[in-house]
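Engineer: Structure for the following, please:
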Amino acid sequence: AVALYLNPEVSLQERMAVEALRGGWSSTATFNILADARDMLLLAAGEKNDKSAIAVCEVSGVALMNMKDRYAAKRKIGATGEELAALDLLVDTSESFWKRQSGGLFVDAEAALRRCRKLNAEEISMREAA
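Structural biologist: You can find the predicted model right below:
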């Protein structure tokens, strides 16, 4: 609750990202907001062994991967009705989960996500250089 109280824009950003998809005015930044929400929740839910939150992350992960594949093919961000439902569930679950956690877990998950993304970027750079 403390983390969300100090950062109320997090939940609002996630909800607006889904609305942008629903309204047809989304972008890659919109996708990234939802991917970050999913990945942070997965990291923290794994730490807490919250099986229901992990299941939501798995379902929303499929939706995000479908969207990513579609973007690669069409260069347009969009979501089907089922994908939107999965992402709605993601943002609802994320908000509920973080309200029940310490601010420290939020900070730790955010730091872990940054480390993972940095390592991934370095790996991609190494592959491209080879």
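Engineer: Buried residues in stretch 66-81, which are they?
Structural biologist: Of the residues in stretch 66-81, 67, 70, 77, 79 count as buried by neighbour count, 16 or more other C-beta atoms under 10 Å. No exception for glycine: its C-beta is placed from N, CA and C like everyone else's.
Engineer: Same check on stretch 101-116?
Structural biologist: Quick answer for stretch 101-116 (16+ other C-beta under 10 Å): 101, 105, 106, 109, 110, 112, 113.
Engineer: Out of the buried residues of stretch 66-81, which is nearest to residue 36?
Structural biologist: residue 67 (14.2 Å; C-beta to C-beta).
Engineer: hey, where'd the helices end up in the protein?
Structural biologist: Counting by DSSP state H, the chain has helices at residues 2-6, 9-23, 28-48, 51-74, 81-99, 103-129.
Engineer: For residue 93, give its distance to residue 99.
Structural biologist: 11 Å (C-beta to C-beta, to the nearest Å).
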